[in-house]
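1. Structure for the following, please:
(chains A and B)
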Number of protein chains: 2
Amino acid sequence: MNWIINSLLDTDFYKFTMGQLVFRKFRDVRVKYAFKNRTKDVNLTKFIREEDLRQELDHVRTLKFNRTEIKYIRGTNEYGDQMFGEDYIHFLERMELPPYQLAYKDGQLVLEFEGDWHSAIYWEIFALAIVNELYYKSLMSGLSKFDREIVGAKGQLRLAEKIKVLKENPDIVFTDFGTRRRFDHEWQDYVVETLAGEFPETQFRGTSNVALAMKHGLFPMGTSAHELFMVLAGIAGDADENVRRSHNDVLKHWWEMYGWGLSIALTDTFGSDFFFRDMTKNQAKEWKGLRQDSGDPVAFGEKAIGFYEVCGVDPRDKMIIFSDGLDIEAIVKLHKHFKGRIKTTFGWGTNLTNDLGFRALSLVVKTVEANSRSLVKLSDNLAKAIGKPEDVERYKRIFGYSGNNYLECRY
Amino acid sequence: MNWIINSLLDTDFYKFTMGQLVFRKFRDVRVKYAFKNRTKDVNLTKFIREEDLRQELDHVRTLKFNRTEIKYIRGTNEYGDQMFGEDYIHFLERMELPPYQLAYKDGQLVLEFEGDWHSAIYWEIFALAIVNELYYKSLMSGLSKFDREIVGAKGQLRLAEKIKVLKENPDIVFTDFGTRRRFDHEWQDYVVETLAGEFPETQFRGTSNVALAMKHGLFPMGTSAHELFMVLAGIAGDADENVRRSHNDVLKHWWEMYGWGLSIALTDTFGSDFFFRDMTKNQAKEWKGLRQDSGDPVAFGEKAIGFYEVCGVDPRDKMIIFSDGLDIEAIVKLHKHFKGRIKTTFGWGTNLTNDLGFRALSLVVKTVEANSRSLVKLSDNLAKAIGKPEDVERYKRIFGYSGNNYLECRY
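-> Next comes the predicted model:
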């Protein structure tokens, strides 16, 4: 049997950076992750057999890190010397993924992961890659041999077109962020290996996929995810002020653990307007930059530049990582728009690793509960919001979510 | 072009453990290594084109460690935490192999490597694997397609026979030491992968080949080589007493750098009788064990047991690694002979990775000069001796080489 996931490193690097923080600081938090298909008109239960999905998920639970994988983690130092400690590595060597809960209910695929945050955290990317790949496998199995070859040819030509444009714009810096929604592992591998062959590391910075970074000797890339902000807000207690304060606590914990090396802040969990009110002048100075993951990227970038200026920081020393639904046109446009004003880099996902002619799905696995409290994400695009309606309203109030806030520096 | 050496990790682990010691303590020593074909009736110049050999050697000089390989080295901890320091890793990242000197002279292949010990040290295994593989390539190219397939089939059957016997003797513990004289890289890879699949790690302990240990998640195995004793004796100065003392200096340096983890002493550089007179009672107690690499292995083992008993050490707590020209019969015989009396393990080389019906060559690359002084190795089998006749005589005198010494404990 050819399994979809064959290594616990076949995941995004940020699962380990977040994983260590959770392991060290939030070991006793119980969380629930839920799978969600945002592409509502595609009913996955019609394409994926429950039994196949179970087999793949079961197989992931049998995997262990081998000696080489553990050494790779121990030897990782791109963001700081011995950034992963022996306590955490020892835990990884023994780590077991908690059970999953899967049901095909009312024609919907319901998939949840409940357990201690420090081990449940690793399910996200495996589950997304598996569901995604089973879906495209199903589409491919309906095609003739020749038509399947054509899919590959189309993927190659589209990749060639991207490469051509990027070579015309050699100062665009980008990264593969496409593990979770890749067409399949083999295709992502092909794309990453091709990019590594076509570009110097100064332009193609690397990949978020740890197994592929290891295989090809590339830079493992990653920032952090909404779950940190969501869970810390959820466990902050009843008082609004505690919930509000938890946002900056995430930044503090992160800085304390990784310092400058990994200091790219994700900005949109409770809306970027709140983010810019919450990040302190000192943080603005210290942190490398920001990640934009929802809403209007140009408006965000302008806001970020304004924010840095108000804080007395030269925005040209700072960086924005754009990572929301990029394609080559958006990348070129954003790069040109901000050139010389603020550094940019592009975390290119779905459209990089799943552009072979099929429509891409928008699948996510998100934290929905922590210690039995419902969690909330607002984001700069309410279509991406997560949470019960009453909780969303409460969070909008707590975080002053309006979309129309003046820029100010907190200190 | 399919190169023979594609990674600077495609070498024996001990090159790195020795390499770090040399880098830290003997950086300024100039050495010369010379290739030697001990299979005198095979004239390699008739099988290997000088141009092909040059191309392969030149290609090795273009290789660099990639990010993953460096992480692997940094993350290696089987013999101690962070056993390779950042100073040494930093050096490896920039390391360049010194030039080689190759000539086809009087029908002989003359191949030497001269340079700073700390970078020349890496040539040994690459050079041996290249010459060996070019020789067997040449033999294979004379065969029909079917006959080449038969070679593979023969190799598989012989491997199967070895596996059968080892499964009948599950308490035999062994290791692949066959990089330098393998049939080719692909075959060694196949053998190692097969053994890893057939045996638990408690029986097949791992491989000395770092690239294969990395590829298959195995234990990288290694001890140390004669060159440490030879070079330190060579640079010890004129006084006999200094030359004699240099032997124990090697043990002291090694212990200081790696401690118990790597404390397997190579015993035969100047004869094992001298070794047993030189190793102190304290060293006998502290070190894990001994490596036997020439002479009669049964006689050696008996001597070792006697030595430990005279030193007041229970030999059952100690280990002998046999590594001299093993085949499955010798392994079983030695294992049975010493069972319950002293621990044994087997570093299986040529006969493991080059047993496909062709006769194996006995090729070596040895240090012959250090700081312009000629070097000497005696070994427990004078056919393996290295050095000018007058130097060999002098060393025999210095080290009391007779082959008939009483056992005694130095303290």
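
2. low-scoring pLDDT stretches of chain A, where are they?
-> Chain A contains residues with pLDDT under 70 at A:403-411.

3. How about the residues of it by chain B?
-> In this structure, chain A approaches chain B at residues A:66-78, A:81-82, A:86, A:213-219, judged by C-beta under 8 Å from any C-beta of the partner chain. The way it works is simple: take the backbone N, C-alpha and C, and place the C-beta from them, glycine included.

4. can you tell me which of those are in helices?
-> Among the residues of chain A next to chain B, DSSP state H puts A:67-75, A:86, A:213-216 in helices.

5. buried set for the one helix or strand residue A:246 maps to?
-> Secondary-structure element containing residue A:246, defined by DSSP states H and E: helix A:240-258. Of all the residues in helix A:240-258, those buried under the rule 16 or more other C-beta atoms under 10 Å in any protein chain shown are A:243-244, A:246-251, A:253-255, A:257-258.

6. Looking at those, which is nearest residue A:159?
-> The nearest member of those to residue A:159, counting by C-beta to C-beta, is residue A:258 at 32.8 Å.

7. who's in contact with that closest one?
-> Contact analysis of residue A:258 by C-beta atoms under 8 Å, 6 or more residues apart in numbering or on different chains lists A:17, A:79, A:80, A:83.

8. Strands along the stretch 101-250 of chain A, start to end?
-> The residue ranges that make up the strands of the stretch 101-250 of chain A, judged by DSSP state E, counting those that start in this stretch, are A:108-116, A:174-176, A:204-207.

9. can you tell me which of the ones you listed comes nearest to residue B:393?
-> Judging those by C-beta to C-beta, what sits closest to residue B:393 is strand A:204-207, at 59.7 Å.

10. now what about that closest one, what contacts it?
-> Counting contacts by C-beta under 8 Å, 6+ apart, the residues outside strand A:204-207 that touch it are A:173-176, A:179, A:192, A:195-196, A:198, A:213, A:216, A:218-221, A:345.

11. and if we set it to 7 Å?
-> Applying C-beta atoms under 7 Å, 6 or more residues apart in numbering or on different chains, the set of residues contacting strand A:204-207 from outside is A:173-176, A:192, A:195-196, A:213, A:218-221, A:345.

12. Excluding sequence neighbours, find me the nearest residue to the residue of the stretch 101-250 of chain A found nearest chain B.
-> Distances between the stretch 101-250 of chain A and chain B by C-beta to the nearest C-beta are smallest at residue A:217, namely 3.1 Å. Leaving aside its chain neighbours, residue A:217 sits nearest to residue B:66 (3.1 Å; criterion: C-beta to C-beta, 6 or more residues apart in numbering or on different chains).

13. before we move on, what about residue A:179?
-> Take residue A:179 and drop its neighbours on the chain: the residue closest to it by C-beta to C-beta, 6+ apart is residue A:209, 4.5 Å away.

14. Let me see the contact set for the one you found.
-> Applying C-beta under 7 Å, 6+ apart to residue A:209 gives the contacts A:10, A:12, A:176, A:179, A:188.

15. Could you measure from the closest residue to chain B within the stretch 251-400 of chain A over to residue B:86?
-> Checking the stretch 251-400 of chain A residue by residue against chain B with C-beta to the nearest C-beta singles out residue A:261 as nearest, at 15.5 Å. Using C-beta to C-beta, to the nearest Å, we find residue A:261 at a distance of 16 Å from residue B:86.

16. Leaving out chain neighbours, which residue sits closest to residue A:163?
-> Going by C-beta to C-beta, 6+ apart, residue A:163 has residue A:198 as its nearest residue, at 5.4 Å.

17. Likewise for residue A:89?
-> Ranked by C-beta to C-beta, 6+ apart and with sequence neighbours excluded, the top spatial neighbour of residue A:89 is residue A:74, at 5.7 Å.

18. cool, and residue A:176?
-> residue A:207 (3.9 Å).

19. what's across from the one you found in the sheet?
-> Beta-bridge pairing of residue A:207 under DSSP bridges involves residue A:176, residue A:220.

20. what do you get for residue A:264?
-> Under DSSP bridges, the residues paired with residue A:264 across the bridge are residue A:289.

21. Hmm, residue A:223 and it touching each other?
-> Yes - applying C-beta atoms under 7 Å as the test, residue A:264 and residue A:223 come out as touching, 4.4 Å apart.

22. okay, and the common contacts of those two?
-> A:291, A:321.

23. Counting neighbours around each, name which of those two comes out higher.
-> Shown here are residue A:264 and residue A:223; by other C-beta atoms under 10 Å in any protein chain shown, residue A:223 has more neighbours (25 against 21).

24. Contact partners for the more buried one?
-> A:14, A:264, A:266, A:291, A:321.

25. how about those in CSV, adding distance to residue B:271 and secondary structure?
-> CSV is the format used below for the contacts of residue A:223 (distance: C-beta to C-beta, whole Å; DSSP: H, G, I helix; E, B strand; the rest coil):
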residue, distance to residue B:271, secondary structure
A:14, 58, helix
A:264, 62, strand
A:266, 67, strand
A:291, 66, strand
A:321, 64, strand
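
26. Spell out which two among those residues are the most distant pair, please.
-> A:14 and A:321 (11.7 Å).

27. circling back to that earlier point, buried members of the contacts of residue A:258 into ChimeraX, please.
-> What follows is the ChimeraX syntax selecting those of these that are buried according to 16+ other C-beta under 10 Å:
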select /A:17,79,83
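
28. from the contacts of residue A:258, which is closest to residue A:383?
-> Within the set of the contacts of residue A:258, residue A:17 lies nearest residue A:383; the separation is 27.9 Å, counting by C-beta to C-beta.

29. Tell me the secondary structure at the closest one.
-> Residue A:17 falls in the helix class when you classify it by DSSP: H, G, I helix; E, B strand; the rest coil.

30. Would you check that my belief about it contacting residue A:262 is correct?
-> Yes - with contacts defined as C-beta under 7 Å, residue A:17 counts as touching residue A:262 at a distance of 6.0 Å.

31. Need the residues that contact stretch A:334-343.
-> Contacts made with stretch A:334-343 from outside it, assessed by C-beta under 7 Å, 6+ apart, are listed as A:169, A:172, A:297-298, A:301, A:304-305, A:315-316, A:318-320, A:322, A:344.

32. one step back: of the residues of chain A next to chain B, which count as buried by neighbour count?
-> By the neighbour-count criterion of 16+ other C-beta under 10 Å, these include these buried positions: A:66-78, A:213-219.
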